[in-house]
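*Asks:* predicted model, plus sequence, below.
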Amino acid sequence: MIYRSKAPLRIGLAGGGTDVSPYSDQFGGAILNATLSLHAHATIELLNEKKIIIQSVDKRETQHFDWADQLPITGELDLLKGVYNRIQKDHPFQMTGFKLSTFVDAPAGSGLGTSSTLVVAIIGAFAEMLKLPLGEYDIAHYAYEIERNDLQLAGGRQDQYAATFGGFNFMEFSANDKVIVNPLRIRQDYLNELENNLVLYFTSTTRESAAIIMEQQRNVNEKNAKSIDAMHQLKEQAKMMKEALLIGRLNEIGEILDYGFRQKKNMAANISNSSIEEIYEAVKKSGATGGKISGAGGGGFMIFYCPKNTRYPVIETLNTFGGRVNPYQFTQHGLTSWTIQ
């Protein structure tokens, strides 16, 4: 038997960073994001021996273990082992061995929520295999607990929920891990135009988001007024973006992104850098009206809003910087799991 799952990666359109504790606990956060036709994939294949094999195909890493209830967390393939450990703890199972294989359509550290989406996909494969009665909120919160509590990885809450629910969502975050996901019913012609005008660009650099996120958390704990005010403004940006998309004021999206780009740089150091600033200024001269760094910042993917036919000169400009423009489509589907006999 083979059990498979896939979960979509996401881009954050507004409110980024306000889903991170302690800000979200103290002030409440809001984010608007959308999932893409890029996925994290997980496959569990049953074996005829009492072995456990875990493999990250895209990272070319494989580990072999004798059957055990808990696998060692060593800094290598910890997301895969962490999900297995938690599933085995909460829903113990015994069977012949298995091989868990994963693949992600974007590099780790690229700002599209790859780590959290991978955790969601792995949970989906185990839930399919064990027929676990987990709803969307259950899976998303489960993924959050595994990353933040079990593995002690710094980060926010939006990625797990985006990967599980899929589509365009306005998410609200508050104390006690409370998350409300509000799916947005956006007219298809608005989505078509947004997809046409929004260029996704990989800078060909990745970064470790934890350091940036930890500084952001420290700024809130230390009551850094500049940083906290920036987060307040980004929360308002999410509301502005929601209204623009629902009403169809697409001509405002670039300016809303640009407003957020300027505010986000005040949250923590190293969110932007000279290379990112050079790219951003160049594409604005080529016709983009705004953009943002995806994820925590520091590198990875960027998005740019290019109204009318400016996407073409913007792409020409981006091609001079050594990265790559990444094709994509918006997707309305979240986590999907299935079984192969």
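*Replies:* That came through fine.

*Asks:* can you list the domain ranges for this protein.
*Replies:* 2-184+331-340, 188-325 (automatic domain parsing).

*Asks:* least confident secondary structure element in this protein?
*Replies:* helix 209-221 (a mean of 83; mean pLDDT, DSSP states H and E).

*Asks:* any idea which helix or strand comes after it?
*Replies:* Next in sequence after helix 209-221, counting helices and strands by DSSP states H and E, comes helix 225-247.

*Asks:* pipe the domains of the chain into a markdown table and attach mean neighbour count per row.
*Replies:* (Glycine included, C-beta is placed from N, CA and C.) Shown next, in a markdown table, are the domains of the chain (neighbours: other Cβ atoms under 10 Å):
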| stretch | mean neighbour count |
| --- | --- |
| domain 2-184+331-340 | 20 |
| domain 188-325 | 18 |
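
*Asks:* which of these comes out lowest on mean pLDDT?
*Replies:* With a mean of 91, domain 188-325 has the lowest mean pLDDT of the domains of the chain.

*Asks:* how far does it stretch from start to finish?
*Replies:* 24 Å (Cα to Cα, to the nearest Å).

*Asks:* what sits up against the strand or helix carrying Leu79?
*Replies:* According to DSSP H and E, Leu79 maps onto helix 78-90. By Cβ atoms under 8 Å, 6 or more residues apart in numbering, the residues outside helix 78-90 that reach it are 52, 54, 56, 69-73, 93, 100, 102, 115, 118-119, 122-123, 126, 130, 142, 145-147, 150-151.

*Asks:* do that again at 7 Å, thanks
*Replies:* For helix 78-90, contacts defined as Cβ atoms under 7 Å, 6 or more residues apart in numbering pick out 54, 69-71, 73, 100, 102, 115, 118-119, 122-123, 126, 146, 150-151.

*Asks:* so where do the strands sit in this protein?
*Replies:* Remark: strands assigned in the chain by DSSP state E are 2-14, 29-46, 51-56, 61-66, 98-104, 168-174, 178-183, 198-202, 290-293, 301-305, 324-325, 336-340.

*Asks:* now those strands as TSV including distance to Asn251?
*Replies:* Output for the strands of the chain, formatted as TSV (distance: least, Cβ to Cβ, whole Å):
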stretch	distance to Asn251
strand 2-14	15
strand 29-46	17
strand 51-56	43
strand 61-66	46
strand 98-104	35
strand 168-174	19
strand 178-183	24
strand 198-202	13
strand 290-293	11
strand 301-305	10
strand 324-325	23
strand 336-340	35
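
*Asks:* closest to Ala210 out of the ones you listed?
*Replies:* Closest to Ala210 of the strands of the chain is strand 290-293 (Cβ to Cβ; 16.0 Å).

*Asks:* residues in contact with that closest one?
*Replies:* Residues outside strand 290-293 that contact it (Cβ under 7 Å, 6+ apart) are 111, 254-258, 260-261, 271-272, 276, 280, 283, 302-305.
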